[in-house]
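> Here is my input, please return the structure:
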Amino acid sequence: MSSASAVIAAWSELWDSTGPEDRAWRLLSAADALRTHDLGAVRRAYRRAIEQALPQGFYLRNNTFYGPAGGLRLVAGALVDDAGRTTLQLHHDVLEQAVHGPVGTGADAYFWQIADRHRLSADGLRLYGDWTVFTGETSPEASVRTALALWGRTHVQELADSGRHPIEVLSAALLGQFGTEDDVAQVAARYRTALAAVLPPGFALDGDAVYGPHPPVEADVKGAVLSVDLVAVVAAYATAPRELLTAQQVADVIGAASADSARHTLSRWGVTAAEYRTEAGRVQARWDGDQVRTAWRSRPGRGRRTQLLADGSTGGKPGR
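Sure thing, here's the model as predicted:
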């Protein structure tokens with residue numbers, strides 16, 4: 001701290017708490033979030049965010065703010081400028097923005113932006129990072145959309161050679177528009193499976209975030225995420241022969257009691273036949289295996305927790 005620094009104010013003069021750590025505890029407690037957030041990590045991160053947000057020449061030491069003393073003089077025991085303004089009157093807005101975030105953010109909203117980086121899962125696991133931290137994308141699905149569009153534009157001939165895609169799909173691929181939302185869901189499911197296999201022991205991808213042991217341990221989570229070759233996952237999906245299922249095979253996949261039951265279920269889910277074949281004088285429908293499995297995973301009545309547990313993840317993010 002510079003010798004030309006002056007006391008601006010103690011934390012408790014400005015806010016109804018003794019310091020950043022106490023305010024963090026009060027906000028978490030008021031939101032019943034002490035069991036869903038790593039209190040120690042939130043306290044450290046909140047203080048660090050405030051210290052980093054203060055402009056050059058300003059400091060938070062213990063629970064007291066200091067700022068520039070240049071141009072100030074001592075009058076009746078208080079440092080004031082030529083207009084008679086105290087250090088607090090001069091620098092109040094600076095402190096407000098450091099503690100509550102940029103103008104318009106909202107005091108509590110800024111705190112929760114920091115606190116939610118240190119959420120614990122329902123199983124007591126700690127948040128190690130949202131997807132953006134590891135890849136720059138907002139979610140695995142967003143990464144897949146980008147990869148599908150790029151791969152499709154540069155591998156149109158391979159798409160054509162696979163015999164799987166109609167001309168309108170090839171035309172879209174040339175324009176960088178390869179991949180429907182169903183394609184995204186199917187590739188993302190494979191991508192998530194590959195990610196689960198490479199994450200360090202005790203870590204899991206839940207939604208768009210990676211959770212792991214608490215208290216925290218050293219682990220190269222980003223390296224594990226980036227080790228999965230998403231381009232290879234896309235290529236394998238895009239060029240693989242389409243799996244066509246009979247009604248009985250669909251019944252086996254979704255656990256239906258009969259082929260007729262499977263047909264009715266697919267109709268209810270909005271899954272239409274991919275093609276029809278004439279066998280033994282009868283027209284027989286065939287359904288795309290990937291579409292069937294995607295519809296089954298997202299079927300009505302299948303809750304998020306059920307899906308997470310089936311996929312081997314943590315059981316859901318906590319909420320406030």
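> Tally up the residues packed near V250, please.
25 (other CB atoms under 10 Å). Any C-beta I mention is one placed from the backbone N, CA and C, and that applies to glycine too.
> tell me the SS of it?
helix (DSSP: H, G, I helix; E, B strand; the rest coil).
> Identify the residue spatially nearest to it, adjacent ones excluded.
Of all residues not flanking V250 in the chain, A262 sits nearest, at 4.3 Å (CB to CB, 6 or more residues apart in numbering).
> List the residues that contact the one you found.
247-248, 250-251, 254, 256 (CB atoms under 8 Å, 6 or more residues apart in numbering).
> ok, those vs E51, which is closest?
Taking CB to CB as the measure, E51 lies nearest I254 of the contacts of A262, at 55.5 Å.
> so the nearest residue to that closest one once chain neighbours are set aside is in which element?
Sequence neighbours aside, W296 is the residue nearest to I254 in space, at 4.9 Å (criterion: CB to CB, 6+ apart). With elements taken from DSSP states H and E, the one containing W296 is helix 289-297.
> same deal with V210?
Applying DSSP H and E, one finds V210 within strand 209-212.
> Does the following helix or strand past that strand pack against any helices or strands, and if so which?
Once the chain leaves strand 209-212, the next helix or strand it forms, by DSSP H and E, is helix 221-227. If you count contacts as 3 or more CB pairs under 8 Å, 6 or more residues apart in numbering; DSSP states H and E, helix 221-227 packs onto strand 126-130, helix 131-135, helix 181-198, strand 209-212.
> deepest of these, which one?
Stretch with highest mean neighbour count among the helices and strands packed on helix 221-227: strand 209-212 (a mean of 25; mean count of other CB atoms under 10 Å).
> ok, for A257, nearest residue in space, not its chain neighbours?
Nearest to A257 is A251, by CB to CB, 6+ apart, at 7.3 Å.
> One more: E243?
G289 (3.5 Å).
> what are the phi and psi values for L120?
Torsion angles at L120 (phi, psi; degrees, to the nearest 10) stand at phi -110, psi 150.
> and if you look at the one 5 residues further on?
The phi and psi torsions at L125 (degrees, to the nearest 10) take the values phi -80, psi 150.
> Before we move on, what's the pLDDT of the residue nearest to V250?
pLDDT recorded at A262 is 94.
> go on, S3?
S3 is assigned a pLDDT of 50 by the prediction.
> got it, and A122?
pLDDT, A122: 71.
> Counting neighbours, what do you get for it?
When neighbours are counted by other CB under 10 Å, A122 registers 17.
> Now do it against V210, distance only.
As judged by CB to CB, to the nearest Å, A122 and V210 stand 15 Å apart.
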